[in-house]
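Chemist: coords please:
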Amino acid sequence: MPFHVFTFLTLGLSLYLIPAAPGMTEDMRHIIIEVHDLQALAEQAHDRKLPILLMLSQDDCPYCSIMEENYLRPLLRSGQYQDKVIIRKIEIDNDRILTDFDGKQLKARELQSRYHSSVTPTLIFLNSDGKEIAAKLVGIGTEGFFAGDIDNAIDVARMYLQSKMIK
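Modeler: This next block holds a predicted model:
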């Protein structure tokens, strides 16, 4: 197993399995991890047979904070999505270099362009090849309904993956 994959998996497991350290609140363990290596994320998604929910975010975006705090972190806290979807984010405004699904390097803004996203937050639902497998959710929808929109998109992505496994 390549070192970066081992490191990524170890970090993910430690955030999930290790009890909170002194001074660490329960809430701190349910952060949305920023991803920099999509190839490693794809390997994890492929191995676990799960879709990826990728949030395209910006550092100073108040709606991104609302998305994370009011919608995505509660999914993690519930524990009900652990075996349904892998939730990660990419900060697109820092122009960081990422490792793409195929192992090549690209800028975060290039990824944003690939998925035709001009607004943050945008939730993209992907398979392990980086292909969109459910309709993206742009911005924040109507409060009271938006959590259901996220659930529906996760279900569509999971059904897509299951249909591909059957064939």
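
Chemist: for the longest helix seen in the chain, the distance to its chain's centre please.
Modeler: In the chain, with assignment by DSSP state H, the single longest helix is helix 146-166. From the chain centre to the centre of helix 146-166 is a distance of 14 Å (C-alpha atoms, centre = their mean, to the nearest Å).

Chemist: adjust the sequence numbering to begin at 295 for everything that follows.
Modeler: Will do, 295 is the new start, and the previous item becomes helix 440-460.

Chemist: what sits up against that helix?
Modeler: Residues outside helix 440-460 that contact it (C-beta atoms under 8 Å, 6 or more residues apart in numbering) are 343-345, 347, 365, 368-369, 375, 378-379, 417, 419-421, 427-429, 431, 434-435. To be clear about C-beta, it is placed using only N, CA and C from the backbone, and glycine gets the same treatment.

Chemist: now swap in stretch 402-412 and tell me
Modeler: 332, 350, 384-390, 392, 394, 416, 418, 426, 430, 432.

Chemist: so for stretch 385-405, mean pLDDT?
Modeler: For stretch 385-405, mean pLDDT rounds to 91.
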